[in-house]
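Peer 1: quick one, structure for this:
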Amino acid sequence: AKTADEVQRIVKLANETKTPLVPVSSTGRRQRGDTVPTVPEAVILDLSGMKRIISVNRQQRVAIVEPGEKARPGQIRNANGPALTAAALEAGAAASYLGIARDRNASLGRRIGKAAAADLLLLSGGVSVGDYDLVRDELRASGVRPVFWQVRIKPGKPVFFGVRGRQLIFGLPGNPTSAMVTFHLFVRPALDRMLGRKALGPRTGKAVLGQAMTLKPGRTQFLRAVATGDGPELRVLPYPDQQSGILRSMVRSRVLIVAGAEVSRLEEGQAVDVLFID
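Peer 2: Here you go, the predicted structure:
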């Protein structure tokens, strides 16, 4: 599946599940033709004593669950839970981290049940093919209707999206950078739409590539990169290690270079499409 097509499907469903605007007015009545003012406009209206309806979107509730096992001494510690919670908060949601669900049906099912009141359920890990990857089966047992699974992108191929009533459910990969990249690509546009924003997802732009890259074609790639502001042009340098388990690449890289599935080579000085994830 293509990334743009799947984002459009997510946005469409997010629009359908978006909570109605909540009226806030000194008169207590919704009036015809009212608009949604910006925060400064709302303050001016209030100070001027004008009796206008101010409609706002309710803050969306995001529940975050991590299938897996708690780390023992010598094992990799949990990174996705805190990172995704922070990303959801930064996007304007009310985020609730429900902890790690052991790779067992009962444990996972209990946490999915606790998330029933959330507008959006976010899981990290357990959506790839494997003996212990129970997330998809447990979601179906909990009444989730799958919309798509797997997208032709790198990193982040095994992303899952489904719906349960008015709730949106995302299953993101377990690798840290894959989880964060797919959050920006798929979850952020959904939250933006649910919150009534006009601009959906990361900002897009153009930049000049600072060094040549050889790529393996076949999937659209989102390459972590560092942006530099030398001169009038924005220049980007790809992070040296693009492996999906290298979390520090997301800390230092605030830009994603977008390379189409057919691209096998990017040249130094070439204009490239970028997504700003700051």
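Peer 1: drop to CA atoms for contacts and neighbour counts, all remaining ones
Peer 2: Noted.
Peer 1: run through the chain and note the low-pLDDT ranges.
Peer 2: By pLDDT under 70, the weakly predicted segments of the chain are 1-2, 18-57, 68-78, 103-104, 129-133, 230-231, 245-247.
Peer 1: tell me where it has helices.
Peer 2: In the chain, the segments counted as helices under DSSP state H are 3-17, 39-48, 80-90, 105-114, 135-141, 176-182, 188-194, 248-252.
Peer 1: show me what the first one is packed up against.
Peer 2: To tie it back to what came earlier, the one meant is helix 3-17. helix 188-194 (3 or more CA pairs under 8 Å, 6 or more residues apart in numbering; DSSP states H and E).
Peer 1: the same query, at a cut-off of 10 Å, please.
Peer 2: strand 145-149, strand 160-164, strand 167-172, helix 188-194 (3 or more CA pairs under 10 Å, 6 or more residues apart in numbering; DSSP states H and E).
Peer 1: for these, which one sits closest to V255?
Peer 2: helix 188-194 (15.2 Å; CA to CA).
Peer 1: contacts for the closest one next, please.
Peer 2: Helix 188-194 has contacts (CA atoms under 10 Å, 6 or more residues apart in numbering) with 7-20, 57-62, 87-88, 91-93, 119-120, 168, 182-184, 195-202.
Peer 1: any of those residues buried? List them.
Peer 2: 7, 10-11, 13-15, 17-19, 57-58, 60-62, 87-88, 91, 93, 119-120, 168, 182-184, 195-196, 200-202 (16 or more other CA atoms under 10 Å).
Peer 1: follow-up on the earlier one: okay if I get the helices and strands packed on helix 3-17 as CSV plus distance to V255?
Peer 2: Shown next, in CSV, are those (distance: least, CA to CA, whole Å):
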stretch, distance to V255
strand 145-149, 26
strand 160-164, 24
strand 167-172, 20
helix 188-194, 15
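Peer 1: Q221: which of those is closest?
Peer 2: Short answer: strand 167-172, nearest of the helices and strands packed on helix 3-17 by CA to CA, at 16.4 Å.
Peer 1: so R140 touches G162, yeah?
Peer 2: Yes. Judged on CA atoms under 10 Å, R140 makes contact with G162 at a distance of 9.3 Å.
Peer 1: return every residue with contacts to both of those two.
Peer 2: P146.
Peer 1: who's in contact with P240?
Peer 2: With contact set as CA under 10 Å, 6+ apart, P240 has these partners: R224, A225, S249.
Peer 1: same thing with V251?
Peer 2: T177, R224.
Peer 1: V236: which of the helices and strands packed on helix 3-17 is closest?
Peer 2: If we rank those by CA to CA, the stretch that ends up nearest is helix 188-194, at 22.9 Å.
Peer 1: distance from the chain centre to that closest one, please.
Peer 2: With CA atoms, centre = their mean, to the nearest Å as the basis, helix 188-194 stands 8 Å off its chain's centre.
Peer 1: next one: stretch 209-219
Peer 2: 24 Å.
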